[in-house]
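> next one to model:
(one chain, ligands or ions: 1)
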Amino acid sequence: MHVIGTAGHVDHGKSTLVEALTGINPDRLKEERERQMTIDLGFAWLTLPDGESVGVIDVPGHRDFIENMLAGVGGIDAALFVVAADEGVMPQTREHLAILDLLQIPAGVMALTKSDLVDAEWLSLVSADVAASVRGTALDGAPIVAVSARMGDGLPQLKQALQRVLSARPLRPDLGRPRLPIDRVFTLSGFGTVVTGTLGDGALALGEEVEILPAGFTARIRGLQTHKTKIERAVPGSRVAVNLSGVEINQLRRGMVLAHPGVFRPTNFLDGRFRHLPDADLPLKHNAEVKFFVGAAEVLATVRLLEHEMLAPGESGWMQLQLAEPVVVAKGDRFILRRPSPGATIGGGAVVDPHPKRRHKRRDAAVLARLEVLSRGTPGEMLLQALDTLGPAPLKDALQKAGFDKASAAEALEEISDQLIRLDGDALVISKAAWRKFEDDLGQWLHAYHSAHPLRVGMPREELKSRLKLSPRIFNAFLARAAEAGSVVAAGAVARLPSHTVQFTAVQQAAIHAVLADFWREPYNTPSAKDCLARLGEEVLNALLEQGALVQLSADVLLLSETYAATVERLKAHLRAHGKVTVAEVRDLFSTSRKYALALMEYLDAQGVTKRVGDERVLKG
Ligand code: GDP
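Predicted coordinates:
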């Protein structure tokens, strides 16, 4: 699942474009509709050509509401950056671009809107200008697509471009510690309290107990939705609405974080790496009062510069932030600082230590060295990264790839042992996130196969292996593990979902009944394979063979499994008593034809029950 967010100057056509793409008017507030201006975040979803349902967050472009924009863009995978073709790059185009860059939003598509208002020559000038203005930012090289929401021009191309950009984004990792920064709180009659947000770092499940931070009270998940559809489990990277019981709306507000109880600890201090915007108008001084934005939260903070008295525009440095109210952050979270008055974006950066020692000594070499190391990642994070680039690999390869000595290898393993899965004894290791992706893919392929072939017991393992594009060794190890976990049944040459059973229609049942009745009537003069095929059809006949109701002795001869089992027993007894048997004797023993007797004996030879010696058969072994 992915989420995109709009960005761009006011009146450049963001909301109109979102409505044209999704069919949903993202302006929720009465005031927004009256003023025809987005004031707060709007939410919608769109279906890409490949069928993926993508969450869309529409943000306000007006400079008075930029702080509302910040509450929405944190968790997005890609920006839908809007520039009106008739106006070109404007002040909030630049400010939004700077914010996306500070947040290191990993991808984007530039939409040149209102293309119906300009001619081709003007369009190419604006396009070149837009390409130049994103150069050197996180959106450098993003595709540029001209669209007219009014006429519908370019909308299919825009969806294609979004699909290309999003399909190159890895899925959000499942670190097993879900965090939902709350960006909206409301009540629905009949349901009670609902909060929404973009879920990160883990999954949420119906019925779970959760904690709302920083307040610290608990509630229970009574309902979950993504894109207005009820779900039982919400996955990382999706837009989620959570219906909570045990909490009142007046206890909740935007910026709080919903998480599993006891996992996160709110903090009033944090250390971070900060980049001051090059076109900021003033230097940032030690002890400056700022507004701090992280996730959907906004709090006042005091800046403690750890190296300098001030940072000039364009400079970077280490800082400790002392927050007026606690927030929930994790290492690596991106943040933005703004000047409270007159409002302006100063810069932003990444949290390096969410729970530092308070009030570091300034200009302390040891403090700065530790921050440098921390910013490169913990040993566990580096090992996970190595595993993600290697795929399933022996543990020693991953440790080597991460460049660990013995001590840091031990530290890494201890840190993330609960995020690793060992396969094939201990020979292969993968991260839990990679495992979940495999299980999802496995489930999807099996589900598709069962839908296409409802009468087949399961999907051939070979076909499944090539669909999943895995080597035999890794496939076997994965499948064995999935079977152990109960997410798949792997029996013989096929695999199936535990929930799948072969179910015949009433018409098929009636045909089966009639054919099997003929088999029972004359167990050794049964309908031919050709006859069965004509009366049952290929899928039903195959299902009966796969289920073992019928046994196929030769291209043309079928027996009921009951008949076959009794025949084998009787023949074995005969051979034990007499030592050998001829085809003619078999024919007489079962009052059947030579054709049936021959088919039976050849089949038993092939099964390793009997062995041919001249014109006679003896028991094998
Ligand atoms: P936002 O502030 O960026 O969300 O902009 P809106 O979506 O509210 O659009 C601003 C104005 O531009 C509205 O009057 C729209 O009707 C108009 N507009 C939006 N898209 C188009 C378009 O494709 N062509 C034309 N001609 N006008 C458009």
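> which parts of stretch 489-500 are buried?
489, 490, 494, 495, 496, 497, 500 (16 or more other CB atoms under 10 Å). Any C-beta I mention is one placed from the backbone N, CA and C, and that applies to glycine too.
> those residues in helices, which ones?
Among the buried residues of stretch 489-500, DSSP state H puts none in helices.
> biggest separation within those, which pair?
Maximum pairwise distance among the buried residues of stretch 489-500 (CB to CB): 12.6 Å, between 490 and 500.
> any residues of the stretch 1-150 of the chain in contact with the ligand? List them.
When proximity is defined by CB under 6 Å from any ligand atom, the stretch 1-150 of the chain lies next to the ligand at 10-16, 36-38, 61, 113-114, 116-117, 148-150.
> residues contacting the helix or strand containing residue 132, please?
In the assignment (DSSP states H and E), residue 132 maps to helix 120-133. For helix 120-133, the surrounding residues in contact (CB atoms under 8 Å, 6 or more residues apart in numbering) are 83, 85-86, 88-89, 93-94, 97, 110, 112, 115, 118, 144, 146.
> do the same with stretch 154-163
Among residues not part of stretch 154-163, those counted as contacts by CB under 8 Å, 6+ apart are 4, 20-21, 46, 48-50, 52, 54, 78, 80, 109, 111, 115, 143, 145-149.
> out of those residues, which end up buried?
4, 20-21, 46, 48, 54, 78, 80, 109, 111, 115, 143, 145-149.
> end to end on stretch 304-317, go ahead and measure it.
11 Å (CA to CA, to the nearest Å).
> same question for that stretch, mean pLDDT?
In this model, stretch 304-317 has an average pLDDT of 95.
> how's this protein carved up into domains?
Domain ranges of the chain: 3-167, 179-259, 267-376, 379-428, 433-496, 506-619, per automatic domain parsing.
> what separates the second one from the chain centre, distance-wise?
Its chain's average C-alpha position is 19 Å from that of domain 179-259, according to CA atoms, centre = their mean, to the nearest Å.
> that older thread, so how do I select the buried members of the residues of the stretch 1-150 of the chain next to the ligand in PyMOL?
Buried subset of those, written as a PyMOL selection, criterion 16+ other CB under 10 Å:
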select buried, resi 10+11+12+13+14+15+16+37+38+61+113+114+116+148+149
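> contacts for whatever helix or strand residue 212 lives in, please.
Take DSSP H and E as the rule and residue 212 turns out to sit in strand 209-213. The contact list for strand 209-213 (CB under 8 Å, 6+ apart) reads 182, 204, 217-221, 242, 244, 247, 251-252, 256-264, 266, 328.
> among the residues you listed, name the buried ones.
182, 204, 219, 221, 242, 244, 247, 252, 256-260, 263-264, 266, 328.
> which non-adjacent residue is nearest the residue in the stretch 151-300 of the chain that the ligand sits nearest to?
Closest approach between the stretch 151-300 of the chain and the ligand, counting by CB to the nearest ligand atom: residue 151, at 6.7 Å. Once flanking residues are discounted, residue 151 sits nearest to residue 116: 4.9 Å by CB to CB, 6 or more residues apart in numbering.
> the one you found - that's part of a helix, no?
Yes: counting by DSSP: H, G, I helix; E, B strand; the rest coil, residue 116 falls inside a helix.
> which ones are touching it?
148, 150, 151, 153.
> could you work out the most separated pair of those residues?
150 and 153 (8.7 Å).
> before we move on, back to that, send me the helix or strand following the strand holding residue 212 as CSV with only the CA atoms.
Next helix or strand after strand 209-213 toward the C-terminus (DSSP H and E): strand 217-226. Coordinates of each C-alpha in strand 217-226 appear next as CSV, following Å, rounded to 0.1, in the frame of the first residue of the first chain:
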residue,chain,number,x,y,z
PHE,A,217,-4.3,6.3,28.2
THR,A,218,-5.4,3.0,26.6
ALA,A,219,-8.2,2.2,24.3
ARG,A,220,-9.3,-0.7,22.2
ILE,A,221,-9.6,-1.0,18.4
ARG,A,222,-13.3,-1.6,17.6
GLY,A,223,-13.1,-1.1,13.9
LEU,A,224,-10.5,-0.5,11.2
GLN,A,225,-10.9,0.9,7.7
THR,A,226,-8.6,1.7,4.7
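> run me through the strand neighbours of strand 217-226, direction for each.
In the sheet, strand 217-226 lines up against strand 209-213 (antiparallel), strand 229-230 (antiparallel), strand 239-245 (antiparallel) (DSSP bridges).
> what's that strand in contact with?
1, 53, 55, 191-193, 204-212, 230-234, 238-247, 251, 261.
> make a PyMOL selection of the buried ones in these.
Restricted to buried positions by 16+ other CB under 10 Å, the PyMOL selection for those reads:
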select buried, resi 1+55+192+193+204+206+208+210+211+212+231+234+238+239+240+241+242+243+244+247
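> picking that back up, how about the residue of the stretch 151-300 of the chain closest to the ligand, secondary structure?
Under three-state DSSP, residue 151 comes out as coil.
> and the strand or helix carrying residue 348, what's buried?
Under the criterion DSSP H and E, the helix or strand holding residue 348 is strand 344-353. The neighbour-count criterion (16+ other CB under 10 Å) identifies 345, 346, 347, 348, 349, 350, 351, 352, 353 as the buried residues of strand 344-353.
> residue 493 is in contact with residue 461, isn't it?
Yes: Residue 493 is in contact with residue 461 according to CB atoms under 8 Å; the separation is 5.7 Å.
> next SSE after the longest helix seen in the chain?
Using DSSP H, we find that the single longest helix of the chain is helix 432-452. Note on helix 432-452: by DSSP H and E, the next helix or strand toward the C-terminus is strand 459-460.
> which strands or helices does that following strand pack on?
Secondary-structure packing of strand 459-460 (3 or more CB pairs under 8 Å, 6 or more residues apart in numbering; DSSP states H and E): helix 432-452, strand 494-496.
> deepest in the core, which of those is it.
strand 494-496 (a mean of 21; mean count of other CB atoms under 10 Å).
> max-length strand in this structure?
Criterion DSSP state E: the longest strand present in the chain is strand 316-327.
> just list the residues touching the closest residue in space to residue 205 that isn't next to it in sequence, thanks.
Nearest non-adjacent residue to residue 205, counting by CB to CB, 6+ apart: residue 233, 4.9 Å away. For residue 233, the contact set (CB under 8 Å, 6+ apart) comprises 203, 204, 205, 206, 224.
> could you give me the average pLDDT of the helix holding residue 132?
Mean predicted confidence for helix 120-133 is 96.
> buried stuff in that helix?
Buried residues in helix 120-133 (16+ other CB under 10 Å): 123, 126, 127, 130, 133.
> got TSV for those, with distance to residue 422 too?
Output for those, formatted as TSV (distance: CB to CB, whole Å):
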residue	distance to residue 422
123	56
126	55
127	52
130	49
133	49
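> so which of those residues comes closest to the ligand?
residue 123 (12.6 Å).
> next one: the helix or strand harbouring residue 574 to chain centre, how far?
For residue 574, the host element (DSSP H and E) is helix 561-578. The chain centre lies 55 Å from the centre of helix 561-578; the measure is CA atoms, centre = their mean.
> who in this protein is up against the ligand?
Residues of the chain lying near the ligand (CB under 6 Å from any ligand atom): 10-16, 36-38, 61, 113-114, 116-117, 148-150.
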